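> the sequence and its predicted three-dimensional model are supplied below.
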Amino acid sequence: MSKLEPKIKAEILAEALPYIRKFHGKTIVIKYGGNAMTEERLKHGFARDVVLLKLVGMNPVVVHGGGPQIDNALRKVGKSGTFVQGMRITDEETMEVVEWVLGGEVQQDIVMLINQYGGQAVGLTGKDGGLIHAEKMQMPDKDKPGEFIDLGYVGKITSINPAVVKALQDDAFIPVISPIGFSDDGQAYNINADVVAGEIAQILRAEKLIMMTNTPGVLDKKEQLLTDLTAHEIETLFADGTISGGMLPKIGSALEAAKSGVNSVHIIDGRIEHSLLLEILTEQPFGTLIRSH
Ligand SMILES: Nc1ncnc2c1ncn2[C@@H]1O[C@H](COP(=O)(O)OP(=O)(O)O)[C@@H](O)[C@H]1O
Ligand SMILES: CC(=O)N[C@@H](CCC(=O)OP(=O)(O)O)C(=O)O
């Protein structure tokens, strides 16, 4: 940016005006994936962008992940992560690690950085204000019809109470949500962060849901970026195996959010500096747009 001529810099800033006006007062849910926060430079850029969005009048709500960070912590205690359809099998010891990595380290790191850049972030887990109620997830076993795979303490969201998030937004705070849900008896559950982001976006009637990850967006079998996907095209990608691993819950949640009225849903490359600003404040198409039909 500093190498650009002043005229071009000014044009880029002026280009942002209609978007600032359009999204003023609107809720933007940002899923910040663990794969997009592996470098310090990216984390700082992300925090600055979130603060900028808040200062120009938008209401960013951050839902963070931390899959790679959980993997690192598990390695230190001699464990390795096992995933089934993008969900981590979570035994009791893993759940403890998930709680301190997500609800502790990762969340507090993001809160601190946002505050460092002049924002007022507040970290929440599902326990705070009864935000995320969950129960044990039952995942059907594809190979054994009628049977389920035991994923341990992986949670399915039963309800979301957005009151605490709304109160914080009204008070100029930036909520930073960890994907940990709780049952009535106080059991913690590990929930995929894409699923939480999708449901939070729906319940808050967000204008936008942006999922920041470590690919340019959704890729086809030849690794080419798919800039735009309809529900029907997504079904085909699921069926022919183009989508796998962590992209399964991501696209599933993105599509659900689009169908439930979130105006625009995007999967973007969080490894590109200021990718959030590029998506929200410029004309340039960026990543994959998920359409409801
Ligand atoms: N069709 C696809 N297009 C892009 N990425 C895909 C696709 N299918 C599977 N993936 C995988 O999904 C990953 C992103 O999901 P995930 O690892 O959960 O990231 P995050 O931490 O951002 O949620 C990519 O790094 C890639 O390995
Ligand atoms: C059930 C389940 O898989 N939970 C995820 C929660 C973190 C997450 O979703 O992180 P990313 O967004 O970085 O992938 C996990 O344990 O990795």
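On my side now, so go ahead. Residues are numbered from 1 along each chain as shown. Ligands and ions are numbered 1, 2, ... in the order given.

> quote the end-to-end distance of stretch 141-150.
Using CA to CA, to the nearest Å, the end-to-end distance of stretch 141-150 comes to 9 Å.

> avg pLDDT for it?
Mean per-residue pLDDT for stretch 141-150: 90.

> one more: stretch 222-242?
Rounded mean pLDDT across stretch 222-242 is 95.

> separation between residue 71 and ligand 2?
Look at residue 71 and ligand 2: by CB to the nearest ligand atom, to the nearest Å, they are 8 Å apart. Every C-beta, even on glycine, is put in place using the N, C-alpha and C of the backbone.

> OK, contacts around the residue nearest to that residue when sequence neighbours are not counted?
Nearest non-adjacent residue to residue 71, counting by CB to CB, 6 or more residues apart in numbering: residue 81, 4.9 Å away. Residues in contact with residue 81 (CB atoms under 8 Å, 6 or more residues apart in numbering) are 67, 70-71, 74, 88, 94.

> and if you look at residue 153?
Contact analysis of residue 153 by CB under 8 Å, 6+ apart lists 90-92, 94-95, 136, 187-190.

> just residue 204 next, same as before
Remark: with contacts taken as CB under 8 Å, 6+ apart, residue 204 is in contact with 27, 29, 61, 162, 165-166.

> rerun that using 6 Å as the cut-off
Taking CB atoms under 6 Å, 6 or more residues apart in numbering, we find residue 204 in contact with 27, 162.

> so where does residue 254 fall, helix or strand?
Per DSSP states H and E: residue 254 is located in helix 247-259.

> low-confidence stretches in the chain?
The chain contains residues with pLDDT under 70 at 1-2.

> now do the helices in it.
Under the criterion DSSP state H, the chain carries helices at the ranges 6-15, 17-23, 40-55, 67-76, 92-98, 107-116, 163-170, 193-203, 231-239, 247-259, 275-281.

> closest one to ligand 1 among the ones you listed?
Closest to ligand 1 of those, according to CB to the nearest ligand atom: helix 247-259, at 3.6 Å.

> who touches that closest one?
Here helix 247-259 has contacts from 85-86, 192, 194-195, 198, 201-202, 209, 211, 234, 243, 265, 290, 292, using CB under 6 Å, 6+ apart.

> can you flag the buried ones in those?
Buried by 16 or more other CB atoms under 10 Å: 85-86, 192, 194-195, 198, 201-202, 209, 211, 234, 243, 265, 290, out of the contacts of helix 247-259.

> out of those residues, the closest to ligand 2 would be?
For the buried ones among the contacts of helix 247-259, the nearest to ligand 2 is residue 192 (4.3 Å; CB to the nearest ligand atom).

> wait, what's in contact with that closest one?
residue 249.

> close to ligand 2, is stretch 176-186?
Yes. On the criterion CB under 6 Å from any ligand atom, stretch 176-186 is in touch with ligand 2 at residue 179.

> pick the most deeply packed of the helices of the chain.
Per residue and on average, the most neighbours among the helices of the chain fall to helix 193-203, with a mean of 26 (mean count of other CB atoms under 10 Å).

> give me the distance from that one to the chain's centre.
Here the centre of helix 193-203 is set off from its chain's centre by 8 Å, with CA atoms, centre = their mean, to the nearest Å.
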